[in-house]
Each structure stands twice: as C-alpha cells, then as structure tokens.
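[1] Output the structure for:
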Amino acid sequence: MKLRQIPVVLIALAFAGITVIYSAKLVTATEKKTDTPQTAKAEIGKISYPANAPQLASIKLATISEVSLPIADTMNGKLAYDENVTSRVSSPVAGRVIRSTVEIGDYVKKDTPLLILDSPDMATADADFVKAKADQQRKKLNLDRAQKLLEQEVIARKDVESAEADYLQAAAETKRAGLRMRNLNAQGSENGKFVLKAPISGLVTDKQINPGLEVRPDATAPLLTITDLNRLWVLVDVPERYIGNIKNGQKIQLEFDAYPDQIFDALVDRVGLALDPTTRRIQIRGILNNKDGKLRPEMFARVSFLADSDKKAFRIPNAALIVEGLYNYVFLEKREGEFQKQKVNIVRKDRDVSYADVASNAALNNKQRIVEEGALLLNAEVASHAQ
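    Purely as a prediction, here's the structure:
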C-alpha cells in the first residue's frame, strides 16, 4: 500500500517545481519589459519621440511648396546663348595679332578695341582710300577749269562732258574706298595696323587669340564671342504627344543641380516647325531672365511646362512618399519630434517629385514640413505599435 503511494507523491512534487520555475521566468520577463524605456509613443498613424531620441538623427525634413501643375512629365533641357544678343567676332582682314586688349570675363562696350593686327590688307585699303581722294580732287579741279573755259568758248562742250564723267568716276571710287574703310571701322592713316572693335556691348565669354596668331577672314572659328548673359535660351526636345499642349508665351519652370532648392521661371518663345525624323521630337525654345548671373550656357536643366490655368498642386519629393497598395502616404511634422501619417492624392508623378492636387488634399498646406528621409523608419514604427 505504501509502495503504491510513493510515485503519486513524486509526481506532485515535480509538477509543483515546474510551476515555480515557470512563474519565476514570467515574473522576470515582466520586470524586464517594465524596465525597458519607452523611446516612442504612437497612436493610430501618429508617432512622437523625445527630444534626445536617436531615431531623430535618421530623419530629414522637406518643405512642401505650392506650384502650378505641370502639363507633362519633367524633360531635359539645355541653356544656350541668346543669339539675338550674341556676336561671334572674326577679323574682316588677314593679318598677324600684335596685341589683345581683353580677356574672358571682361565687359566691353560697343566699339571697344579688342585686338590689334598687323595687316597688309588694311594697308592696301588705306592706300586705296588716299589715292581715290587725291584722284577725285584732281579731277574736280579739271572739271572746274573746263567749265570756265567753256564759258569763254575756249574749248568744246564735249571736253567739259568728258571732264565731268572723269570726276564722277573718281567720286564713285572714293566712295567705294571710303565704304571699305567704314566697313573695317577705320578712319585712315592706320599705317597697316587694324584695330578690331566690339560690334555690341556685352561679356567676352570665349577667346581664341594668341600673340603672333595669323588670322584670316574665312576662318571657321570666331576669334571672340561677346554676349549679354542677362538673357539666355533654354532648348528642349519635346515628344510629339505633348506638342498640342505647348504654345508661345507658356510658362516654364527650370531646376538645376547647381541650385537644388531653387526654381527658375522662363517663357516659351518659339515652337519648332518640324519634327526630328529620328527621335520624333520637336525643339522648343524658351527665354530665361538671368539678371542675377547664376546660370551659364550649356548647363543642363529639368524642364516643366505649366498649364495655362491656375490649377495648383503641392510639390512633394518622391522620397517622402510611402506606397501602400493603391494609396500614397506622407508623414507630416506636427511639432518637433511628433509626426502624423497622412494619405495624399497624387495627380502627377515624375522622376524625382510628385504633385498632389491642392483641392483634394485639405490636410496639406504650403510651407508645411514633411519627412523626406526616414519615412520608411517611421512607417515601420507605426506598424509595429499597431500590432
């Protein structure tokens, strides 16, 4: 009888020991969980961190800006000289460079000397002008003398007519030589020295001159380029499908890698008349005001053509968007360290930015700050607290 009761006692003791061990582990786990500091507090879609939370170091904020809604995807464009205020200067005569008086970056006024040439062509033009003036003067005296003799009936009228014809020919030759000198912007008596002068006012942006350089009027490359950099062209090759939405005077917005936080405005000036048969694109030319001198020709730009209507949109970086199924979300900064997950209605998405319609996104406002970097971190934290 006693032998049969021993196993029952042992089983009861073993069960009691297991219960004690499990209770101890449960208490320890509860204490550890209680002792863990709370670094973030979250409600539904909202999360906040204390001021010294390490997670804030991984969060970068961006400011929402209200802009006009583009009519097409962002395109690549290039800045170029405005040819209406640009002059590529070459020498009208052959010669050898003696001295250059300007450097790249210098501002010159019209008729400012640019370089001096030792030019046989200039010497020939100067000599022709002097000879023509002397011949005209001599034949003018012959004509005057013949007219006086005719009055006294000393010579025949045909002699006077011949003298008059000689004078008119000499006058025409003087005029030709004078026009040649004026074309060279010379006054005479230059002794074979030709001074090349600026045809317009502007900045010297290119110079291909060295002392002793032999220049010719038929050279393919200009010696200097002078332009007004306050005005620039932006050239954009636009796909065929967008041509119907673009017209002269339409607004353009430009972005440059050199100024990532700034938008520049321009206007459509000309729409091309023919498509490129290879690329099926047409070139659009815009006019850009560059009064502050920040921009340079040959810079690449991201170009957005804006709609004629006043339809506005919030410009949001794509890095700030969180896509869940068919919907897009961003995290708004409510106050320092506090963020709210907000659904947004995106109406156009480009490579780097997206546009949210103002009318259908009442929770957003201009100049509001959103999370650009670290949005996925916040979304994971919100999801973990929801579980």
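
[2] number of nearby residues for residue 343?
    Residues lying near residue 343 (other C-beta atoms under 10 Å) number 13. The way it works is simple: take the backbone N, C-alpha and C, and place the C-beta from them, glycine included.

[3] That should have said residue 268, apologies.
    The burial count for residue 268: 19, using other C-beta under 10 Å.

[4] I'd assumed residue 178 was in contact with residue 128.
    No - in this structure, residue 128 is not within contact of residue 178 by C-beta atoms under 8 Å, at 9.8 Å.

[5] How many residues are close by the residue lying closest to residue 345 once chain neighbours are set aside?
    Spatially, and ignoring its direct neighbours in sequence, residue 345 is nearest to residue 360 (4.5 Å; C-beta to C-beta, 6 or more residues apart in numbering). Counted with other C-beta under 10 Å, the neighbours of residue 360 add up to 11.

[6] likewise residue 84?
    By other C-beta under 10 Å, the residues close to residue 84 number 11.

[7] my read is residue 301 is in a strand, agree?
    Yes - assessed by DSSP: H, G, I helix; E, B strand; the rest coil, residue 301 belongs to a strand.

[8] picking that back up, how near is the residue nearest to residue 345 to residue 175?
    75 Å (C-beta to C-beta, to the nearest Å).

[9] Quickly run through the sheet partners of the biggest strand by length in the chain, with directions.
    Counting by DSSP state E, the longest strand found in the chain is strand 259-271. Here strand 259-271 is paired, per DSSP bridges, with strand 251-256 (antiparallel), strand 281-289 (antiparallel).

[10] among those strands, which is nearest residue 203?
    Minimum separation from residue 203 across the strands paired with strand 259-271 (C-beta to C-beta) falls at strand 281-289, 16.0 Å.

[11] mind listing what's buried in the closest one?
    281, 282, 284, 285, 286, 287, 288 (16 or more other C-beta atoms under 10 Å).

[12] Using PDB, write out the CA atom coordinates for that strand.
    Extracted C-alpha coordinates of strand 281-289, given in PDB (Å, rounded to 0.1, in the frame of the first residue of the first chain):
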ATOM      1  CA  ARG A 281      10.700  65.200 -81.100                       C
ATOM      2  CA  ILE A 282      10.300  68.900 -81.700                       C
ATOM      3  CA  GLN A 283      12.500  71.600 -80.300                       C
ATOM      4  CA  ILE A 284      11.000  74.200 -78.100                       C
ATOM      5  CA  ARG A 285      12.900  77.400 -77.300                       C
ATOM      6  CA  GLY A 286      12.300  79.400 -74.200                       C
ATOM      7  CA  ILE A 287      13.600  82.800 -72.900                       C
ATOM      8  CA  LEU A 288      15.200  82.900 -69.500                       C
ATOM      9  CA  ASN A 289      15.900  86.100 -67.400                       C
END
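
[13] got the contact list for it?
    77, 79, 82, 230-240, 243, 246, 252, 254, 264-272, 274-276, 295, 303 (C-beta atoms under 8 Å, 6 or more residues apart in numbering).

[14] What subset of those residues is buried?
    Neighbour-count burial (16+ other C-beta under 10 Å) applied to the contacts of strand 281-289 gives 77, 79, 82, 231-238, 246, 252, 254, 264, 266, 268-269, 275, 295, 303.

[15] returning to that earlier point: may I see the strands paired with strand 259-271 organised as a markdown table, with distance to residue 219 and mean pLDDT added?
    A markdown table is the format used below for these (distance: least, C-beta to C-beta, whole Å; pLDDT from 0 to 100):
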| stretch | distance to residue 219 | mean pLDDT |
| --- | --- | --- |
| strand 251-256 | 34 | 92 |
| strand 281-289 | 28 | 94 |
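
[16] Output the ones you listed in a markdown table; the columns should cover distance to residue 153.
    Formatted as a markdown table, those follow (distance: least, C-beta to C-beta, whole Å):
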| stretch | distance to residue 153 |
| --- | --- |
| strand 251-256 | 82 |
| strand 281-289 | 73 |
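
[17] Tell me which of those lies nearest to residue 379.
    Closest among the strands paired with strand 259-271, using C-beta to C-beta: strand 251-256, at 27.7 Å.

[18] what's next to that closest one, contact-wise?
    Contacts of strand 251-256 (C-beta under 8 Å, 6+ apart): 67-68, 70, 77, 234, 262-268, 286, 288, 295, 299-306.

[19] What residues sit buried inside the host helix or strand of residue 348?
    Counting by DSSP states H and E, the element that carries residue 348 is strand 346-349. Using 16+ other C-beta under 10 Å as the test for burial, strand 346-349 gives 346, 347, 348.
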